[in-house]
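Colleague: generate coordinates for the sequence data below:
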Amino acid sequence: MSRYEFQMGPTVWYGKYSLRKLYGLSFKKACIVTDKSMVSLGMLKPLERILKDLGVSYRIFDEVEPDPSLQTILSGLSHILVTKPDLLIAVGGGSVIDAAKAIMFFCLKVKEEVIKPEKIRKPYFVAVPTTSGTGSEVTSYSVITDEKNGLKIPLKDARMLPDVAVLDPVFTSTLPQKVIAYAGLDVFTHAIEAYVSREHHLMSDQYSLEAVKLASASLPEMYEKVSEDEARMEVHLASFYAGLAFENSGLGLNHGMAHALGATHKLPHGLANAMLLLQIIRYNRQEEVYGQETGKRYDALGSAMVFRRSPLCEAKGMEEKLKQLKAFLGIPISIKEWGVSEEEFIKSIPGMVKNAMADFTTASNPRKPKPEDLVRLYLEAYYGI
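Modeller: Alright, predicted model coming up:
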């Protein structure tokens, strides 16, 4: 019998107003990592009120942009080195939480150069996701962007795992439909890739299946009526479960190619995953040796996808269900429809293939890809074939 290790992740506070559990902690100085939209929308006010009540001084780093750049991480590094917090709080979507992870990671690396490892103290890390999709609040992954070279750099280190994840649906109550759609399809991609990964196992499988079950039941409802507390909470949990699954089983080619696509053509991460999802599933099913077994696993996921809304509930089979879901969420049929010019895309393919092949998420794909396979897959996704 094979032996596996399963990382259960951070302590989880979940439910409406669960952020208030911060009152039970004691700290002196906090650094809040976020973005300017969170500040302008007043999303930090509940947190600031709690910190003031506790007498915790704090500084806000709000320079994080979508797909955080290496330059932003370095700016945040300077901020945290000056602030010297014992509490780090990330409030935002996956980009914000990834940025906070990377800032802390590089901070620890800098300290290792001048301080004995046993004397280094990692800030207590609280992640408050304001979108439901990346699962970043439960993983030790972070993805940053090297804008100069058009490259997304995945990082993985156990020290980047948050100490606490706060799944509070209050923070997702004003999300626009486009963000709900992109993030929601990221949930499906995480769960699907973890379930068919070379490294999947029984425990991670259960979280993948539950993530798909919850997301298919509640994502369409959240998309149509974001005010529904129960739907938002269920999609939050689906994102969390999918994050637990891929933290322990890895991802696959879909993410490797999406990282390269998003970095090169500025597609939001969830959208880039969605653009490639059906092509990657078809590709993995066609593998000569293990394709049949992978196909059975895809079919099991398809059976777990039970929609409540028409016409979604009428779709049969995993691929048809995903196709209908993408249409329901307003996802373009192809990269071309999204607006990338044919000449620009064709020219970018060699670089994207090179980066996707080198991406560590690609390694756990059930089918071992060749560069020429990726060329074909990118073209199929571009034309919507």
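Colleague: show me what V128 is bridged to.
Modeller: V91 (DSSP bridges).
Colleague: hang on, it packs against L88?
Modeller: No - under the criterion of Cβ atoms under 8 Å, V128 lies out of contact with L88, with a separation of 11.3 Å. Every C-beta, even on glycine, is put in place using the N, C-alpha and C of the backbone.
Colleague: of these two, who's got more company?
Modeller: Neighbours of V128 and L88, each counted by other Cβ atoms under 10 Å, are more numerous for V128; the result is 29 against 26.
Colleague: list the residues that contact that one.
Modeller: With contact taken as Cβ atoms under 8 Å, 6 or more residues apart in numbering, V128 is in contact with 19, 47, 89-92, 137, 166, 168, 171.
Colleague: check which helix or strand the spatially most central residue of the chain maps to.
Modeller: What sits nearest the mean C-alpha location of the chain, by Cα atoms, centre = their mean, is T134, with 2.0 Å. Element membership of T134, judged by DSSP states H and E, is empty: it is in no helix or strand.
Colleague: cool, and the one 10 residues further on?
Modeller: Taking DSSP H and E as the criterion, I144 maps to strand 141-146.
Colleague: and the strands in this protein?
Modeller: Remark: strands of the chain, listed N- to C-terminal, are 11-14, 29-33, 57-61, 87-92, 124-129, 141-146, 151-156, 164-167; assignment by DSSP state E.
Colleague: return the most buried member of the ones you listed.
Modeller: strand 87-92 (a mean of 27; mean count of other Cβ atoms under 10 Å).
Colleague: only C-alpha atoms, please: export that one in CSV.
Modeller: What follows is strand 87-92 as a C-alpha-only set of coordinates in CSV (Å, rounded to 0.1, in the frame of the first residue of the first chain):
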residue,chain,number,x,y,z
LEU,A,87,0.8,39.9,12.5
LEU,A,88,0.4,39.8,8.7
ILE,A,89,-3.2,40.1,7.3
ALA,A,90,-4.0,39.7,3.6
VAL,A,91,-7.4,41.1,2.6
GLY,A,92,-8.3,40.6,-1.0
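Colleague: could you give the angle of it to strand 57-61?
Modeller: Orientation of strand 87-92 against strand 57-61 (axes from the mean of the first three to the mean of the last three Cα atoms, to 10 degrees) gives an angle of 40 degrees.
Colleague: now for strand 87-92, which elements pack on it?
Modeller: Judged by 3 or more Cβ pairs under 8 Å, 6 or more residues apart in numbering; DSSP states H and E, strand 87-92 is in contact with strand 29-33, helix 94-112, strand 124-129.
Colleague: what's the separation between I333 and G384?
Modeller: As defined by Cβ to Cβ, to the nearest Å, I333 lies at a distance of 4 Å from G384.
Colleague: name the residues that touch the least confident helix or strand in the chain by mean pLDDT?
Modeller: One helix or strand of the chain scores below all others by mean pLDDT, DSSP states H and E: strand 151-156, with a mean of 83. Contacts of strand 151-156 from elsewhere in the structure, counted by Cβ under 8 Å, 6+ apart, are 67, 70, 101-102, 105, 140-146, 259-260, 262-263, 355, 359-361.
Colleague: so where's the stretch 251-385 of the chain uncertain?
Modeller: Per-residue confidence of the stretch 251-385 of the chain (counting by pLDDT under 70) places the weak regions at 310.
Colleague: what segments of it are helices?
Modeller: Under the criterion DSSP state H, counting those that start in this stretch, the stretch 251-385 of the chain carries helices at the ranges 253-265, 269-285, 291-304, 318-328, 335-338, 342-358, 371-383.
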